[in-house]
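S.K.: predicted model, plus sequence, below.
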Amino acid sequence: MNLVTGLASSLQGKYLPDCRKTLAAVQDKFCAERCKKSLETITFQNKVALRRSLKNEDGPLGDCVNTSIDFKDLQTDYSGPRLPENKKIDDQFIQDLRNFYSYGGILPPQVLYRVLQQTEHCLRSTPTSLVEVDLDEDTSLHVCGDIHGQFKDLLNIFFLKGEPGKESSYLFNGDIVDRGPASIPCIVLIFALKCLYPYKIFINRGNHEATGMNLKDGFYAEVMEAYNDTFLFTYLQEIFSWLPSSTLVKKKILIVHGGLSSVKDFNLDDIRKLPIGRSIQPEDNDILCDILWSDPMVIGKGLEENRRGGGTMFGSDVTAKFLNRNNLQCLIRSHTEILEGCICIHAGCYTVFSAPNKSKNVLGGVLTLHPTDSDQLRLEGFVFQQTN
Ligand SMILES: [Mn+2]
């Protein structure tokens, strides 16, 4: 039974001819709009494919999108964030974006693509798998774990720990998307912040900044629901591939999403040598896969098979040897949902997870790194409840 006959028969014959006519008209209009939308998408995909075939393969993928002619002009009644072509993201844009997403807005593709193009250029300007951060004496760094599409909780972190870029530096340690209801707002806001404050906002790649996970855990569905644009998903994956896997703070603290690698004598140079960009997926490289997927053991030594199907399980002895070999103070990672928000798993290894869940009694955590007079940094844990 289709929409028209279904609704019509439920009216039990009352005013049936008129209702049928009206409902059929509604259905026709709906179909026509869907067809038109599909046609527009095909046309856009064709334009992109043609430009891709003509352009330098090593250039930014976003260069094959022309935001001025590929999309319709913004509607006159549109009151959301605007980003004219060639205009850099500024503070006003960030404020408008936050407000717009707080009310559930869907950014017009023209504006979204411009944010992504700037993000791609920003990430490609430092093409390294190991980003080194040196903090001034009076600057602290807030390390956030998994966000998983929880936009309200992301805004709550900023409220509780300081305005990103202006008051505080942040490192988002991967798994920004998937699972939660608002992955697009989370990743777009964090990308926009990265563009505006490239030396105050840092992003590590998580195992969910990857195609396989996004196809099954919600991000692909959210992108298609909002934009019905497969190239957009491809483009986001390309940008994810330019995210570093690791951040080294003051040469003393290593921050990765999952954990250590099982390769013999694993060290920082192994991370520096990792390939980056060109749509590389975690499973394409054993060490990258380990860094994004591994888990520390609470009790137990050595290396064990990881039941997640990716990465390894590593014991406190593996952490101790790694820290010693690389002259590091500690390892910070995320990837595991823990009740406490942030905890020490075993000596020298901390977990921070920032997607709180009231019904599971899971607190969100932020781990702040403070420089001190010595070469060691001071770690400060902070926890918060899920926002209603
Ligand atoms: Mn993870």
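M.R.: Arrived safely, thanks for sending.

S.K.: give me the mean pLDDT for stretch 75-84.
M.R.: In this model, stretch 75-84 carries a mean pLDDT of 95.

S.K.: the chain should start at 254 in everything you say after this.
M.R.: New numbering, starting at 254: the last item is stretch 328-337.

S.K.: need the residues that contact that stretch.
M.R.: Contacts with stretch 328-337, where a contact means C-beta atoms under 8 Å, 6 or more residues apart in numbering, come from 327, 342, 346, 349, 350, 353, 358, 360, 361, 364, 367, 368. To be clear about C-beta, it is placed using only N, CA and C from the backbone, and glycine gets the same treatment.

S.K.: which one among those gets closest to residue 635?
M.R.: Closest approach between the contacts of stretch 328-337 and residue 635, by C-beta to C-beta: residue 350, at 25.0 Å.

S.K.: the chain: strands as residue ranges?
M.R.: Using DSSP state E, the strands found in the chain span residues 383-386, 394-397, 422-426, 454-457, 499-502, 506-509, 548-549, 556-558, 565-567, 583-586, 595-599, 602-605, 617-624, 630-637.

S.K.: could I get those as JSON lines with mean neighbour count and mean pLDDT?
M.R.: What follows is the strands of the chain, written out as JSON lines (neighbours: other C-beta atoms under 10 Å; pLDDT from 0 to 100):
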{"stretch": "strand 383-386", "mean neighbour count": "18", "mean pLDDT": "98"}
{"stretch": "strand 394-397", "mean neighbour count": "25", "mean pLDDT": "98"}
{"stretch": "strand 422-426", "mean neighbour count": "26", "mean pLDDT": "98"}
{"stretch": "strand 454-457", "mean neighbour count": "24", "mean pLDDT": "98"}
{"stretch": "strand 499-502", "mean neighbour count": "22", "mean pLDDT": "98"}
{"stretch": "strand 506-509", "mean neighbour count": "25", "mean pLDDT": "98"}
{"stretch": "strand 548-549", "mean neighbour count": "23", "mean pLDDT": "98"}
{"stretch": "strand 556-558", "mean neighbour count": "14", "mean pLDDT": "97"}
{"stretch": "strand 565-567", "mean neighbour count": "25", "mean pLDDT": "98"}
{"stretch": "strand 583-586", "mean neighbour count": "23", "mean pLDDT": "98"}
{"stretch": "strand 595-599", "mean neighbour count": "19", "mean pLDDT": "98"}
{"stretch": "strand 602-605", "mean neighbour count": "26", "mean pLDDT": "98"}
{"stretch": "strand 617-624", "mean neighbour count": "23", "mean pLDDT": "98"}
{"stretch": "strand 630-637", "mean neighbour count": "16", "mean pLDDT": "98"}
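
S.K.: so which of the ones you listed gets nearest residue 525?
M.R.: Short answer: strand 383-386, nearest of the strands of the chain by C-beta to C-beta, at 4.9 Å.

S.K.: mind putting the strands of the chain in a markdown table, distance to the ion included?
M.R.: Listed next are those as a markdown table, based on distance: least, C-beta to the ion, whole Å:
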| stretch | distance to the ion |
| --- | --- |
| strand 383-386 | 19 |
| strand 394-397 | 13 |
| strand 422-426 | 9 |
| strand 454-457 | 11 |
| strand 499-502 | 14 |
| strand 506-509 | 11 |
| strand 548-549 | 9 |
| strand 556-558 | 18 |
| strand 565-567 | 14 |
| strand 583-586 | 9 |
| strand 595-599 | 15 |
| strand 602-605 | 11 |
| strand 617-624 | 15 |
| strand 630-637 | 19 |
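
S.K.: which residues sit in contact with the closest residue to residue 510 other than its chain neighbours?
M.R.: Using C-beta to C-beta, 6 or more residues apart in numbering and skipping the chain neighbours, the partner closest in space to residue 510 is residue 427 (3.5 Å). By C-beta under 8 Å, 6+ apart, the contact list for residue 427 reads 399, 456-462, 496, 510, 545, 587-588.

S.K.: from the residues you listed, which land in helices?
M.R.: residue 545 (DSSP state H).

S.K.: closest one of the contacts of residue 427 to residue 566?
M.R.: Closest approach between these and residue 566, by C-beta to C-beta: residue 588, at 12.1 Å.

S.K.: how close does the closest one sit to the ion?
M.R.: 4 Å (C-beta to the ion, to the nearest Å).

S.K.: and residue 282, by the same measure?
M.R.: Distance of residue 282 to the ion, given as C-beta to the ion: 43 Å.

S.K.: how many other residues sit next to that residue?
M.R.: 10 (other C-beta atoms under 10 Å).

S.K.: and the helices in the chain, which stretches?
M.R.: Applying DSSP H to the chain gives helices spanning 256-263, 269-307, 344-355, 362-377, 404-414, 436-449, 464-470, 472-480, 483-494, 521-525, 539-546, 569-578.
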